[in-house]
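[1] Sharing a sequence plus its predicted fold:
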Amino acid sequence: MNPPTPNPSTPLQAGQPAPADQLIDVAALQQAYYARRPDPSEPAQCVAFGTSGHRGCSFDATFNEAHVLAITQAICDYRRAQGVDGPLFLGIDTHALSQPAFESALEVLAANGVDVRIAAGGEFTPTPAISHAILVHNHGRTQGLADGIVITPSHNPPRDGGFKYNPTNGGPADTSVTGAIEQRANALLREGPTGVRRLPLAQARAAATTREHDFVGSYVADLANVIDFDAIRASGIRLGVDPLGGAGLRYWQRIAVDHDLALDVVNTRIDPQFGFMTLDWDGKIRMDPSSPPAMQSLIALRERFDVAFACDPDHDRHGIVTKTGGLMLPNNYLAVMADYLFTHRPHWNAAAGVGKTLVSSALIDRVAARLNRPLVETPVGFKWFVDGLCGGTLGFGAEESAGASFLRRDGRVWSTDKDGLAPALLSAEITARLGRDPYERYRELCAELGEPHSSRKDAPATPEQKKKLSKLAPAQITARDVAGEPVLQVLDKAPGNGAGIGGIKVVCANGWFAARPSGTEAIYKIYAESFRGEDHLQQILAEAQAVVDATLGEN
């Protein structure tokens, strides 16, 4: 999808360097983390796991020490109840609230006797490195299984904090898990600090159960089983990467050296203010590698490289910049990835399918059909792909917001959480082996299968409006055609697994729209796509908006 359409009344500086008045006061933010206590009677200040864990800001009393202590204790209680007694891999990204949250979590984990693995030398740790560590440890085991925590709000603005739990399958926790943790954490918030076990930080760091783990070395070495580095080296292509100030900086530096790549890390700054960023579409600092305004710095360097890429702070999202087409839309590159992987991974299960979320491009559907591969269409959230990736029944799982993972070259599981590094490096493999970059391959797919035009609109929504939209039923959609085409399907459940999508999707032969509330923000989203051009897309969007307006306007 294109970046959301901004409100025209908002003064924007999209794509321009962040001005000084946009930069956060790191000291004040961290002080508020400790000083402000959430009010458990206020729903907005309670623990809430959306599609990517609990997120919030210390200034708003939505991500504070009390939240992290309660969530961590709830995780300790959960893993004890489930008999999970192996190591817990603990990682953080570069947001300002991640370090204090890491220290709070470690204090609780150590007090509960959890065998914790932290990054050697205090290094930052990408989400995929945590998933990889869990899966490597658990391979072949039935006892002493590992799980993990990643402290990150992903690509969110610098003021935000986030906290995610990955169970023993290495992927994002499903709703049954997060629901139990959320319920227990909120009970602990109401009880106050007496329900939380905690050690002083110095004791927690010195505990026999706290040990360092070489996340960087393990992940970087194993990448050779995922990416064809021989082909990249032999091609001599020039590569660029911008870690966007995120947790993957040392990983990229090691990848360049250990795998002998002509890879230039164009930005080595680690700055919790993220003051080097250009402003996103809405005038905010947001480290989104799929957003053209946020990616202006790397786009400006496109002529220097055969292909370049970036990742968000926890490196679970990717952005691909080509010399021929600039920054690729996420869905366009996902379609190229699916096409390439299933034609260049001969050791994969011949029946392995293509996984995608309902709001990802229908071009992926057309690629899967041409490949004669099963299409597994799921609700939003990467958790829906975990079992398929673990069992090899999915070769590739992708969601519309530039999140993807795929199997090792031999068909075994690699990461069951989104991995921004592997898809970024795959763009280099594609360029090396095909002799043309991913955008050129995308244009070929369009010539063969049709060209998609897509967009997304975001709008503010109250909790009541979000709830109403999430319960929209097919019977409430009375339209028999959309933008001049007959309606073929009205979905409130995903075809791939029958799970509720928390919204609605309306499908025609050459276009579709979907409407759903955000799982992490006070907004709703309308997604739309057309294979008949931009005018047709705008018609679809207008009619989709009318459906949403009618729904939200009902008493």
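    Great, that's in hand. Note that this is a predicted model, so its numbers are computed, not measured.
[2] Each with direction, which strands does the one helix or strand in the chain whose mean pLDDT sits lowest pair with?
    Within the chain, no helix or strand scores below strand 49-50, which has a mean of 86 by mean pLDDT, DSSP states H and E. Strand pairing for strand 49-50, using DSSP bridges, gives strand 53-57 (antiparallel).
[3] Dump the strand it pairs with to PDB, restricted to CA.
    Written as PDB, here are the backbone C-alpha positions of strand 53-57 (Å, rounded to 0.1, in the frame of the first residue of the first chain):
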ATOM      1  CA  GLY A  53       2.700  -6.200  21.900                       C
ATOM      2  CA  HIS A  54       2.100  -3.400  24.400                       C
ATOM      3  CA  ARG A  55       3.100   0.100  23.200                       C
ATOM      4  CA  GLY A  56       2.800   3.600  24.700                       C
ATOM      5  CA  CYS A  57       4.600   6.700  25.900                       C
END
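[4] next one: it to chain centre, how far?
    14 Å (Cα atoms, centre = their mean, to the nearest Å).
[5] just checking, what packs against the next helix or strand along the chain from that strand?
    Sequence-wise, the next helix or strand downstream of strand 53-57 (DSSP states H and E) is helix 65-82. Packing partners of helix 65-82 (3 or more Cβ pairs under 8 Å, 6 or more residues apart in numbering; DSSP states H and E): strand 53-57, helix 98-111, strand 147-151, strand 160-166, helix 175-191. From N, CA and C alone the C-beta is placed, and that goes for glycine too.
[6] Any chance of JSON lines for those, columns distance to G122, mean neighbour count and mean pLDDT?
    JSON lines is the format used below for the helices and strands packed on helix 65-82 (distance: least, Cβ to Cβ, whole Å; neighbours: other Cβ atoms under 10 Å; pLDDT from 0 to 100):
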{"stretch": "strand 53-57", "distance to G122": "22", "mean neighbour count": "24", "mean pLDDT": "95"}
{"stretch": "helix 98-111", "distance to G122": "9", "mean neighbour count": "23", "mean pLDDT": "98"}
{"stretch": "strand 147-151", "distance to G122": "13", "mean neighbour count": "27", "mean pLDDT": "98"}
{"stretch": "strand 160-166", "distance to G122": "18", "mean neighbour count": "26", "mean pLDDT": "98"}
{"stretch": "helix 175-191", "distance to G122": "26", "mean neighbour count": "18", "mean pLDDT": "96"}
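[7] got those as JSON lines, with distance to F276 columns?
    As requested, the helices and strands packed on helix 65-82 are arranged in JSON lines below (distance: least, Cβ to Cβ, whole Å):
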{"stretch": "strand 53-57", "distance to F276": "21"}
{"stretch": "helix 98-111", "distance to F276": "18"}
{"stretch": "strand 147-151", "distance to F276": "22"}
{"stretch": "strand 160-166", "distance to F276": "18"}
{"stretch": "helix 175-191", "distance to F276": "34"}
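[8] Nearest to L239 among those would be which one?
    L239 lies closest to strand 147-151 among these, at 26.3 Å (Cβ to Cβ).
[9] element containing K505?
    Element membership for K505 (DSSP H and E) is strand 500-508.
[10] per-residue confidence averaged over that strand?
    Across strand 500-508, the average pLDDT comes to 94.
[11] Could you give me the buried positions within it?
    Across strand 500-508, burial judged by 16 or more other Cβ atoms under 10 Å covers I501, G502, G503, I504, K505, V506, V507, C508.
[12] Nearest to G450, out of the helices and strands packed on helix 65-82?
    Of the helices and strands packed on helix 65-82, nearest to G450 by Cβ to Cβ is helix 175-191, at 35.2 Å.
[13] and that closest one, how far from the chain's centre?
    With Cα atoms, centre = their mean, you get 23 Å for helix 175-191.
[14] which outside residues touch that helix?
    Residues outside helix 175-191 that contact it (Cβ atoms under 8 Å, 6 or more residues apart in numbering): 38, 40, 46-49, 53-54, 66-67, 69-71, 73-75, 77-78, 165, 167, 173, 195-196.
[15] how does it look with 6 Å?
    Helix 175-191 has contacts (Cβ atoms under 6 Å, 6 or more residues apart in numbering) with 40, 46-47, 49, 70-71, 73-75, 77-78, 167, 195.
[16] which other residues reach the following helix or strand past that helix?
    Per DSSP H and E, helix 175-191 leads on to helix 201-206 as the next helix or strand towards the C-terminus. Here helix 201-206 makes contact (Cβ under 6 Å, 6+ apart) with E103, L106, E107, A110.
[17] nearest residue to the second one other than its sequence neighbours?
    Read it as L106. In space, not counting the residues next to it along the chain, L106 is nearest to A204; the distance is 4.8 Å by Cβ to Cβ, 6 or more residues apart in numbering.
[18] can you pull the contacts of I130?
    By Cβ under 6 Å, 6+ apart, the contact set of I130 is F89, G91, G148, V150.
[19] same thing but 10 Å
    88-92, 117, 119, 146-150, 152, 164, 166, 170, 215, 219, 314, 316, 415, 417 (Cβ atoms under 10 Å, 6 or more residues apart in numbering).
[20] for this structure, what are the low-confidence residue spans?
    By pLDDT under 70, the low-scoring segments of the chain are 1-12, 520, 554-555.
[21] Help me confirm that E212 is found in a strand?
    Yes. Assessed with DSSP: H, G, I helix; E, B strand; the rest coil, E212 lies in a strand.
[22] who's in contact with it?
    Contacts of E212 (Cβ under 10 Å, 6+ apart): V116, R117, I118, A119, A120, G121, G122, E123.
[23] residues near the last one, how many?
    I take that to be E123. Around E123 there are 19 other residues, counting by other Cβ atoms under 10 Å.
[24] close enough to count as contact, it and V216?
    Yes. With contact defined as Cβ atoms under 10 Å, E123 reaches V216; the gap is 6.3 Å.
[25] intersection of neighbour lists for these two?
    Joint contacts of E123 and V216 (Cβ under 10 Å, 6+ apart) are A129, R250, Y251.
[26] Now do the buried residues in stretch 423-443.
    Residues of stretch 423-443 classed as buried under the neighbour-count rule (16+ other Cβ under 10 Å) are 423-432, 434, 437-443.
[27] Give me the helices and strands touching the helix ranked longest in the chain, please.
    The single longest helix within the chain, with elements called by DSSP state H, is helix 534-553. Judged by 3 or more Cβ pairs under 10 Å, 6 or more residues apart in numbering; DSSP states H and E, the packing partners of helix 534-553 are strand 453-460, helix 463-470, strand 481-482, strand 485-486, strand 500-508, strand 511-517, strand 523-530.
[28] What residues sit buried inside the first one?
    Just to be clear, that refers to strand 453-460. Within strand 453-460, the residues that qualify as buried are H453, S454, S455, R456, K457, D458, A459, counting by 16+ other Cβ under 10 Å.
[29] Ok, stretch 19-34 next?
    For stretch 19-34, by 16+ other Cβ under 10 Å, it's Q22, L23, I24, L29, Q30, A32, Y33.
[30] Next, the distance between the ends of stretch 80-93.
    26 Å (Cα to Cα, to the nearest Å).
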